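Q: what's the 3D shape of this:
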Amino acid sequence: MKTFEAAFDSLYTHDYPAWFRDAKLGIWSHWGPQSVPMCGDWYARNMYIQGTPQYLYHLRHYGHPSQFGYKDICALWKAERFDPDALMDRYVKAGARYFVAQATHHDHFFNYDSALNPMNSVRVGPKKDIVGLWKAAAEKRGLPFGVSEHLGASFSWWRVNKGCDAWGPYRGVPYDGCDPAWRDFYHDNGEHAGPDAIGRLEPWYTDNPRFKRYWQQCMLELIDRYTPDLLYTDGSLPFGDHWQEEKAAFTLDGRYREGLEAVAHLYNASIARYGENRAVYTQKCRDAGVYRVGVLDIERGMLDQASEYPWQTDTCIGGWFYDAKAAYKKPREIIDILLDVAAKNGCMLLNILQRPDGSIDEETGYILDEMAAWYAVHGEALYGSRPWKRVGEGRTQLAFRDFREDAAQWQEDDVRYVCRDKTVFAFLMGARPGRAAVLRSFDEGEQVRAVRLLGVGSVPFAHQYGVLTVQLPPQLPTEYAPCLAVELG
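A: Numbering: from 1, shown residues only. Take a look at the predicted model:
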């Protein structure tokens with residue numbers, strides 16, 4: 001039986017499992033103690049940066065971080081209305097074909113029972129194995145199950161909890177990250193602290209050898225406990241550079257050793273369970289020398305063209321953690337991203353926000369219901385599809401750069417294509433009811449046998465001189481990107 005070594009050349013030989021190529025849509029629970037204040041992402045960091053909105057909220061709602069720190073926020077997280085089975089049913093209806101649970105964020109709090117870190121959801125806060133409960137719910141419904149880890153950046157990311165206020169009534173009073181009793185949780189990361197560290201993100205990854213060994217031990221523990229089908233790293237393959245494409249020689253050296261060993265262990269654990277590797281590893285470095293060990297993930301981003309290799313974008317209906325002030329994407333925007341990604345050989349991992357108690361709000365429920373109604377009609381076109389010879393037609397592109405997502409203003413000639421066997425599925429991004437859809441990607445030599453509008457049935461068409469013209473009915477089955485199934489001879 002083939003196994004993998006912790007080396008680039010060995011890991012390059014991995015296959016892309018069929019479940020991932022077929023899935024197209026995954027749901028992510030990016031959820032943990034940072035949801036407690038309902039004040040958005042990176043709360044555990046920004047509450048220690050004087051003057052930020054989250055610092056001010058914390059000061060005025062909980063008290064000064066020298067007296068009430070992040071460890072105290074963790075104790076408030078109870079997840080008392082967390083119902084993973086009910087949520088998973090909704091996610092499956094909405095089209096999800098894999099599920100990912102956050103195992104640990106940059107805050108160094110683990111959502112599972114860990115022998116390495118006592119600050120975890122079984123011992124503190126909910127007193128529940130959050131990851132284990134998610135896994136049971138996903139597997140009960142036949143979904144591949146993944147976990148996300150953001151621990152790699154934690155050591156340098158959390159340098160700010162060693163600081164103090166620069167002005168005001170608490171000027172010079174050390175934050176609780178300076179308390180030796182909590183040094184293990186808050187990290188002994190003095191080499192990254194200092195007055196010039198406030199607000200600075202680089203380096204994303206530390207060179208601290210003790211922490212790198214700790215990260216590796218945590219990954220091995222996580223993999224051994226849950227044998228995940230997907231492991232997501234928030235950054236480049238540890239411990240490379242998160243902020244730019246890698247240009248180093250890709251060898252098994254100290255820079256990548258821990259990351260390579262974790263990926264090899266992930267694949268080998270899957271082989272031991274299934275007799276073959278069904279696991280997917282995702283990371284964010286775009287250099288082929290790195291991403292070929294697994295799958296390229298682009299956070300809130302998009303490729304310009306179809307990729308030879310399957311890839312993933314991860315995005316969210318709003319922010320990354322629940323924020324009572326944040327606006328949400330409209331269902332149409334989410335479906336637009338999904339279709340553009342699928343046409344380019346990718347999957348979309350969508351974070352569904354949860355309140356601190358584990359429930360979802362009404363607006364989130366509405367989004368899921370709209371997605372479910374759309375998927376009930378269009379699932380046959382999406383699940384199990386592959387890119388066609390062309391990504392699409394039309395001039396409109398989704399402009400996603402630098403973590404910015406702009407809603408598209410689709411025109412009538414904008415189309416996105418996928419295919420399966422001898423059927424090409426054309427998603428009409430700017431369709432108008434009662435008008436003719438004109439598709440210019442079907443060559444004269446391609447015999448068009450039939451055309452169906454999903455949710456309606458057969459529709460009139462003409463195929464001449466490489467132009468396929470389809471008459472749309474006065475009422476479309478959905479306001480979100482209706483789809484033509486074009487059957488070729």
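Q: where does the most centrally placed residue in the chain fall, phi/psi-wise?
A: Centroid-nearest residue in the chain: Asp314, 3.3 Å away (criterion: C-alpha atoms, centre = their mean). Main-chain torsions, Asp314, degrees, to the nearest 10: phi -120, psi 130.
Q: and it, what does it touch?
A: Trp28, Tyr232, Asp297, Ile298, Glu299, Arg300, Met348, Leu349, Leu350, Asn351 (C-beta atoms under 8 Å, 6 or more residues apart in numbering). From N, CA and C alone the C-beta is placed, and that goes for glycine too.
Q: Tell me the most packed of these, by neighbour count.
A: In terms of neighbour count, Leu349 stands highest of the contacts of Asp314 at 28 neighbours, by other C-beta atoms under 10 Å.
Q: for this protein, which helix is longest?
A: The longest helix of the chain (DSSP state H) is helix 362-382.
Q: which intervals of the stretch 301-450 of the chain have sub-threshold pLDDT?
A: Judged against pLDDT under 70, the low-scoring parts of the stretch 301-450 of the chain cover residues 399-404.
Q: Provide a complete list of residue ranges assigned to strands in it.
A: Secondary structure of the stretch 301-450 of the chain (DSSP state E, counting those that start in this stretch): strands at 311-316, 346-351, 392-393, 400-401, 404-405, 415-420, 423-428, 436-439, 448-453.
Q: so what's the residue nearest to the centre of the chain closest to, chain neighbours aside?
A: Leu349 (4.3 Å; C-beta to C-beta, 6 or more residues apart in numbering).
Q: can you pull up the bridge partners for that neighbour?
A: Gly26, Asp314 (DSSP bridges).
Q: quick one: contacts for it?
A: Leu349 neighbours (C-beta under 8 Å, 6+ apart): Gly26, Ile27, Trp28, Val100, Tyr232, Asp297, Gln312, Thr313, Asp314, Thr315.
Q: how does it look with 6 Å?
A: Leu349 makes contact with Gly26, Trp28, Gln312, Asp314 under the criterion C-beta atoms under 6 Å, 6 or more residues apart in numbering.
Q: ditto for Arg440
A: Going by C-beta under 6 Å, 6+ apart, Arg440 touches Val467.
Q: tell me which element Leu56 is part of?
A: helix 53-61 (DSSP states H and E).
Q: Just flag the most distant two among the contacts of Leu349.
A: Trp28 and Gln312 (10.5 Å; C-beta to C-beta).
Q: Relative to Asp361, how far out is the residue nearest to Asp314?
A: With distances taken as C-beta to C-beta, to the nearest Å, Leu349 is found 21 Å from Asp361.
Q: on that earlier part again, need the contact partners of the helix holding Leu56.
A: Under C-beta under 6 Å, 6+ apart, the answer for helix 53-61 is Cys39, Tyr43, Asn46, Met47, Ile49.
Q: Rounded mean pLDDT for it, please.
A: For helix 53-61, mean pLDDT is 98.
Q: Give the next helix or strand downstream of that helix.
A: Taking DSSP H and E, what comes next after helix 53-61 is helix 70-76.
Q: Which strands and helices lie in contact with the next helix or strand after that following helix?
A: Downstream of helix 70-76, the first helix or strand assigned by DSSP H and E is helix 84-93. Here helix 84-93 touches helix 130-140, going by 3 or more C-beta pairs under 6 Å, 6 or more residues apart in numbering; DSSP states H and E.
Q: Show me which positions of the helix it packs on end up buried.
A: By neighbour count with 16 or more other C-beta atoms under 10 Å, helix 130-140 contains the buried residues Ile130, Val131, Gly132, Leu133, Trp134, Lys135, Ala137, Ala138.
Q: Of these, which is the nearest to Ala181?
A: Ile130 (25.6 Å).
Q: and Gly26, how many neighbours?
A: Gly26 has 25 nearby residues by other C-beta under 10 Å.
Q: Which residues are in contact with it?
A: Per C-beta under 6 Å, 6+ apart, neighbours of Gly26: Ala96, Tyr98, Val100, Leu349.
Q: same thing but 10 Å
A: Going by C-beta atoms under 10 Å, 6 or more residues apart in numbering, Gly26 touches 20, 91, 95-100, 143-144, 146, 230, 232, 312, 314, 347-351.
Q: One more: Val415?
A: 339, 343, 390-394, 426-431, 437-441, 481, 483-484.
Q: Which PyMOL command selects the buried ones in those residues?
A: One line in PyMOL is enough to select the buried ones among these; burial here means 16+ other C-beta under 10 Å:
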select buried, resi 339+343+390+391+392+393+394+426+427+428+429+430+431+437+439+441+481+483+484
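Q: Assign a three-state SS to the closest residue to Thr313 other than its chain neighbours, would you?
A: Excluding the flanking residues, the one nearest Thr313 by C-beta to C-beta, 6+ apart is Ile298, at 5.0 Å. Classification of Ile298 by DSSP: H, G, I helix; E, B strand; the rest coil places it in strand.
Q: Give me the pLDDT for Ile298.
A: For Ile298, the model assigns a pLDDT of 93.
Q: try Asp287
A: 86.
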